[in-house]
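>>> Using only what follows, build the 3D model:
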Amino acid sequence: MNMEFRKFGEGPPLIIAHGLYGASDNWVGIGRELAKTHEVFIIDWRNHGKSPHTPEHNYDLLKKDLLDFINQQNLKKVSLLGHSMGGKACMFFAVDYPEIIQSLIVVDISPRSYISLDQPAPHALDHMNVIQSLIKVDLKKAESRMDIDMVLADTIKSPRIRQFLLKNIHRKNLNNFEWKINLQSLHDNLPGILGGLNPKEINNGKGVTGFPVLFIKGADSDYISDIDYPIIKSIFPVADIVSIPNSGHWVHAEQTELFLKNIKYFLNN
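Now for the predicted structure:
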């Protein structure tokens, strides 16, 4: 898999991995700022941005894609910064390849499964609603992004979320729009995307050490809740967990200054 990516700066390598429905261009501002001290790579995962589309989409494949990318760039030790799905992929990778990890930063996602029967979360239904809403849009009838936004508003009430999703629209030609993301693949593979790591299967339940780990939570987000703290610590015993006030799931966009302050302190100290 040859993933599309953006590159900025010089120094120790840092790979930034976006979340579900995201793309590298969502992180350019953050990447340029962190490039003052690091060589920053911002990737497009498969089925996102300008990277290839495939019917399959799971964490085993994302781990392989990330390993291929690291090898293609001739990197030896890397820091990883992943948001949401990207954070989960980075966790899976760090567990399997701890010798490659310089440091790990996970943004507003827990290692656990979000479709667990004993710890149910509304996120599975939210994501299914989003994907089904996008699939149902008849792009052939849309003359503008506003037309698409009006259709999505019936089922996706948040203007912020709709504007984020609409970044995945581009004009195929003068008269037609198309999605950059592979909606069908993400729909078909959503249960796996919402899955998680099993602490009991990682190093005989002892977790992974050997590199610093930082979890950043949006204070107003429920992707990391009280039940997640012991799960995080069981997999990454040395992890620090920081909550950013007045921010939700897109903490990097909602509280950029505080987000960057925490990232810089962690990476440079």
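
>>> ok now stretch 259-269, how far from the chain's centre?
Centroid separation between stretch 259-269 and its chain, computed with CA atoms, centre = their mean, to the nearest Å, is 19 Å.

>>> Contacts for that stretch, please.
Contacts with stretch 259-269, where a contact means CB atoms under 8 Å, 6 or more residues apart in numbering, come from 14, 30, 33-34, 37-38, 79, 81, 103, 105, 212, 214, 216, 240, 242, 244, 247, 251-252. Yep, even glycine has a C-beta here, placed from its N, CA and C like the rest.

>>> Now intersect those residues with the helices, please.
30, 33-34, 251-252 (DSSP state H).

>>> Which residues does stretch 234-247 contact?
With CB under 8 Å, 6+ apart, stretch 234-247 has contacts from 91, 95, 104, 111, 197, 199, 202, 205-209, 212-221, 224, 229, 232-233, 251, 254-255, 258-259, 262, 266.

>>> redo that, cut-off 6 Å
111, 199, 202, 207, 209, 213-219, 232, 251, 254-255, 258, 262 (CB atoms under 6 Å, 6 or more residues apart in numbering).

>>> And the helices in this structure, which stretches?
Ranges of helices in the chain, per DSSP H, are 28-34, 59-72, 85-96, 123-136, 145-152, 159-166, 183-188, 190-193, 228-235, 251-254, 256-268.

>>> Check the gap between residue 227 and residue 111 for me.
Going from residue 227 to residue 111 by CB to CB, to the nearest Å gives 12 Å.

>>> between these two, which one's more packed in?
residue 111 (24 against 11; other CB atoms under 10 Å).
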